[in-house]
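> Sequence and predicted structure below; questions after.
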Amino acid sequence: MAETVQQPTPVTTGDTLLSLDDVTLKFGGVTALNGVSFHIDRGEILGLIGPNGAGKTTAFNVVTGIYRPTSGGVTFDGEQITGLKRYRIAKRGIARTFQNIRLFRAMTALENVMVGADARHTTGPISALLGLPRHRREEAAGRELALELLDFVGVGGRADELAGNLSYGDQRRLEIARAMATQPKLLCLDEPAAGFNPSEKQALMELIRKIRDRGLTVLLIEHDMRLVMGVVDRVVVLEFGTKIADASPTEVQNDPAVIAAYLGVAEDEVVTDE
Amino acid sequence: MSQTTSAPPRRSRRDLLGGLRRRLSGMPRWAQFLLMVAIALLCYVLPLLEPPIISTPGTDFGGVLFTVSVYVLVAVGLNIVVGYAGLLDLGYVGFYAIGAYTVGVLTAQHATWPWLLSLPVALVVTMVSGVLLGWPTLRVRGDYLAIVTLGFGEIVRLTLINSEWLGAARGIRPIPSPPSLPLFEVPHLDWSTGVPLVDFSDTTTFIEFGVTDPIPFYWLALTLIILVLLADKRIKDSRVGRAWEATREDEDAAELMGVPTFRFKLLAFAIGAFVGGIAGSLFATRQTFINPESFTLLISILFLSAVVVGGQGNRWGAVIGAVVVAYLPERFRGFEQWRVLVFGLALMLLAIYRPQGLLPPRRTVRAQRMEAETEALEVGEEPEDAVIAAGGPTPDDAAPTDEGSSRG
Amino acid sequence: MAFQYVLDQFVSLFVGGLVFGSVYALIALGYTMVYGVLQLINFAHSEVFMFGTFATVWALWLVGADATTAGVALVASLAVAMLIAMITSGGVALLLERVAYRPLLNRGAPRLIALISAIGASFVLSELMGLRGALASALGVDDVLGRYVARSRENLGLPTDRTFTVQFEVLGYGVTNKDIIIVLAALLMMIAADQFIRRTRLGRGIRAVAQDPESASLMGVNSTRVIQLTFLIGGLLAGAAATLYMLQVGLTRYNAGFLLGVKAFTAAVLGGIGNLRGALVGGLVLGVAESLGSGLFGSEWRHVVAFVLLVVILLFRPTGLLGESLGKARA
Ligand SMILES: Nc1ncnc2c1ncn2[C@@H]1O[C@H](COP(=O)(O)OP(=O)(O)OP(=O)(O)O)[C@@H](O)[C@H]1O
Ligand SMILES: [Mg+2]
């Protein structure tokens, strides 16, 4: 079935950026991930799909260092990152958004994004105190990048508003801008279109393509299979913590195991034609 | 740009301080700067003017101003820890004590260093103690941090009481003054006839630190306050300040955006301790003696109250809070026995009617205004109590699907 | 050598620690329950306790107990005193909830502000007690109230006889009837509270709100009632603790609550805040450790031992000895 995959899409360079190797994660009795292995190539958009509770978010949490896998490892850009501190992983070049929006609500939109940009900055309190030129340069560059990213995701006009006061959609887009500001190599988006109406979803998928065009690799979790199919290069399907498919969108759509997984959970999740 | 001043009159009438601030931020930069300089100058000459009403009958006005300024320093320092970084520190008095005692030990108890030399050592010691306390404790959860720091403050005080080496309950004396540089005499104003008259018989020497005249100490404290405020502004407006706020808002998210939260929390602790140490050293030199009585948990709580009363997270709020907490009780010494009771009542009333503090950070003000606007837009003339009685979630708790704006 | 002293006096120190520890535990329950439900450090809980100590003394005055009262009469008067102390403290706790917390909770005030209100209430309550003489004379009722408001800023002693008889010996240490009463009464109270919360409908409400306030209210739990109940139970226990404390220590004062409160909160955190059984364990551990520590280093280091213990335990077990059972697990 899934083994039939061979050089899935033309976009792929064959240069692996991230790989999960036989990752297992147990929470007490629950096995959230069960020997999961997959990889992303540089420049790829990989969709990670699966029914509720399949372990998609947990996979993100392992990649970004929130959980340490019970066994197995994660390699990023040629180096083991399992067990690294979370902020170190971020600095290595992995950024993410959250399924439940987690912005710094009492800070402005601009400040939120600047926090992300600060991940690439090195000056500390002393240089801030003395107003050293390098510090000023970094501040200016960070602000410029942040403003540019706010425009890029379409929240440009709201820079000075508190993140907590933005509309739901703007908050989702702001999270993407904040993550991009850390200048990652890999951007992990956890259901970025959740709660969007169809036209908003379309716009978001357009945005994801543009993100890839900026040279980023994107790992995308999304429930709406139809939506994913339109934008991703390759799809990994999880069910009950196990990988059941890893192939091109069309192949996955016709994979009986995947259809069964979705049918078994909820009717409305199934990929059907309009 | 002065458009901003046209806030709804209902609000500005009720909210004097906020209205004032809106007007201030509408002014051009140079005017703001001049105003600041004027205010600073006024602060410097305040003890000489001894203006009626403000001046404290029965207690030396200069001494009161010095006390107030020490509280201001402490509040600004504690605001970094509590307001910016969101770390509830109930044992801040410990750092204040360590600053004072380091000076005491080096200048009087076990050596005879001059004050000026002991100061940097005291600051290093307090900063290191901040790191030492923070290193193990900043890993525990927020609420526990409160109680651990409270324990720290008590450990410091009890150690002072029980340790002969630190003078035990007697404390340490005599602590020397900073070096004097007497240049000229400055006269005070005399209001006893109802009109201000320059009184050449009552003068302060510029600048002589003596036991009798606290005004030079006040000037020193004021100068340090200005320096600390400037430093505070620079650090707060940098990535350090953003990292603090992000950590306070959502520690996990901050960490995932590349903020080493532990390090920044430790930094907040160290900087806060440093400022507390400055205040303690000043206090010690002005008093000329120190004993554990001056470093009780109650003082810690007064410090924290200053920050919260003023509006945590805003340096000017901290300043105002400290003035309120330190000055009002001195001003109304006549009602001495009722002071604590009134203070307690004031805290409760403030919590109910002004929960964001007297001068909350800009962000809170903005957030409130936005909330009020959305509330007005919604049908919501519903009395607050109805929602409560129903026990249902308030609108804020509901999922943030802001349909109105995303679905048109 | 201090160590030798501790060995010699071990039983005495240990029993003394248990006795104090059970008082801490009773007060700690009040902190832990309110924290479990509201995530609030009820700073004024120590004053709820302090009111109980005064109620104990006044109740004994009222029933005419004095140094000559003995036997059944003494036991009966102490029982009445405890009941009155519990009612008083329970009432103060309810008042506190109504005046200092409820107005805030519904305004979505930041959490720190509720703590500030609690601190304010703590000042107010202790000063009201300390100024009762001045207040009474301002109202012109000081003559009527007489000794109840006299010397309000000084120590107030238990009027009954405080020489206790040894009931039996454990390894050379005479355990007195007072020791037994305190430990037993405290244990009984705690078991009652624990069972109440586990078994009754109201108790389930408390647990539901502690676990997840939002779904609890969606399920129709009246959270205001639950919060009131939590304060009330905490107050009742603090009142009982107050009478036991007066038996053990014999003196109170308008600001006596402060240190006890800090210790009891420490005990709650030690055991794992939000966890009822943790409060018991934390209280006993704290009491015994303090007692042994003061034997080892001298009684002046007693409180230092308590706080150092707290810091050390939190470092190795960041959620206390038994963990936070009422609290939510966090991702
Ligand atoms: N911290 C945790 N403790 C215990 N179990 C957990 C934890 N986090 C996740 N799980 C469990 O792991 C499984 C996978 O959860 P996960 O959140 O990864 O699913 P998901 O695929 O993201 O689902 P959804 O589409 O609903 O977001 C679930 O059964 C969940 O209950
Ligand atoms: Mg998920």
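Arrived safely. Ligands and ions are numbered 1, 2, ... in the order given.
> When you work out contacts or count neighbours from here on, use the C-alpha atoms and nothing else.
Fine.
> Tell me how many other residues crowd C:Ala73.
Residues lying near C:Ala73 (other C-alpha atoms under 10 Å in any protein chain shown) number 11.
> Please, which helix or strand holds it?
helix C:71-96 (DSSP states H and E).
> so, in contact with chain B or not, that helix?
No. Using C-alpha under 8 Å from any C-alpha of the partner chain, helix C:71-96 stays clear of chain B, coming no nearer than 10.9 Å.
> Which other helices and strands does the following helix or strand past that helix contact?
As assigned by DSSP H and E, the chain's next helix or strand after helix C:71-96 is helix C:102-105. Here helix C:102-105 touches helix B:339-353, going by 3 or more C-alpha pairs under 8 Å, 6 or more residues apart in numbering or on different chains; DSSP states H and E.
> Output the contacting helices and strands for the helix it packs on.
Against helix B:339-353 (3+ C-alpha pairs under 8 Å, 6+ apart) you get helix B:297-310, helix C:102-105, helix C:111-130.
> buried set for the helix holding C:Ala73?
C:74, C:77-94, C:96 (16 or more other C-alpha atoms under 10 Å in any protein chain shown).
> same question, stretch B:314-334
Neighbour-count burial for stretch B:314-334 flags B:314-331 (criterion: 16+ other C-alpha under 10 Å).
> So which of those residues are in helices?
If you go by DSSP state H, the buried residues of stretch B:314-334 have B:315-331 in helices.
> and the helix or strand where C:Leu26 lies, anywhere near chain B?
Using DSSP H and E, C:Leu26 maps to helix C:10-38. No. Figure legend: helix C:10-38 not in contact with chain B (C-alpha under 8 Å from any C-alpha); closest approach 10.0 Å.
> how far does that helix sit from the chain's center?
From the chain centre to the centre of helix C:10-38 is a distance of 7 Å (C-alpha atoms, centre = their mean, to the nearest Å).
> can you check stretch C:191-200 too?
From the chain centre to the centre of stretch C:191-200 is a distance of 18 Å (C-alpha atoms, centre = their mean).
> Report the angle between whichever strand or helix holds B:Thr223 and helix B:315-331.
Secondary structure assigned from DSSP H and E places B:Thr223 in helix B:215-236. Computed by axes from the mean of the first three to the mean of the last three C-alpha atoms, to 10 degrees, the angle separating helix B:215-236 from helix B:315-331 equals 150 degrees.
> hmm, helix B:215-236 touching chain A?
Yes. Applying C-alpha under 8 Å from any C-alpha, one finds helix B:215-236 touching chain A at B:231, B:234-235.
> Tell me the one of those nearest chain C?
Chain C lies nearest to B:Ile235 out of the residues of helix B:215-236 next to chain A, by C-alpha to the nearest C-alpha, at 24.0 Å.
> ok, now how distant is the residue nearest the centre of chain A from A:Phe98?
In chain A, the C-alpha nearest the mean C-alpha coordinate belongs to A:Cys188, at 1.1 Å (C-alpha atoms, centre = their mean). A:Cys188 sits 9 Å away from A:Phe98, going by C-alpha to C-alpha, to the nearest Å.
> pretty sure the residue nearest to the centre of chain A is touching A:Ala90, no?
No. Counting by C-alpha atoms under 8 Å, A:Ala90 is not a contact partner of A:Cys188; they are 11.2 Å apart.
> as a whole number, average confidence for stretch A:225-236?
For stretch A:225-236, mean pLDDT rounds to 85.
> Give me the number of neighbouring residues for residue 212.
This is for chain A. 17.
> Can you look at chain B instead?
8.
> now swap in A:Ser167 and tell me
For A:Ser167, the neighbour count with other C-alpha under 10 Å is 17.
> what's the distance between it and chain B?
As defined by C-alpha to the nearest C-alpha, to the nearest Å, A:Ser167 lies at a distance of 6 Å from chain B.
> give the contact list for the nearest residue to A:Thr58 once chain neighbours are set aside.
Distance criterion C-alpha to C-alpha, 6 or more residues apart in numbering or on different chains; nearest residue to A:Thr58, sequence neighbours excluded, is A:Ala32 at 7.0 Å. Taking C-alpha atoms under 8 Å, 6 or more residues apart in numbering or on different chains as the criterion, A:Ala32 is in contact with A:24-26, A:54-55, A:58, A:240-241.
> Quick check, B:Ala279 in contact with B:Val74.
Yes. With contacts counted by C-alpha under 8 Å, B:Ala279 reaches B:Val74, the gap being 6.1 Å.
> Counting neighbours, go ahead and name the busier of the two.
Legend: neighbour count by other C-alpha under 10 Å for B:Ala279 and B:Val74, higher for B:Val74 (33 against 28).
> so the more buried one touches B:Leu304, yeah?
No. Counting by C-alpha under 8 Å, B:Leu304 is not a contact partner of B:Val74; they are 9.2 Å apart.
> distance between the ends of stretch C:210-225?
Between the opening and closing residues of stretch C:210-225 there is a gap of 13 Å (C-alpha to C-alpha).
> count of neighbours near the residue in the stretch 101-250 of chain C that ligand 1 sits nearest to?
Nearest to ligand 1, among the residues of the stretch 101-250 of chain C, is C:Gln211, at 15.7 Å (C-alpha to the nearest ligand atom). Per other C-alpha under 10 Å, the neighbour tally for C:Gln211 reads 18.
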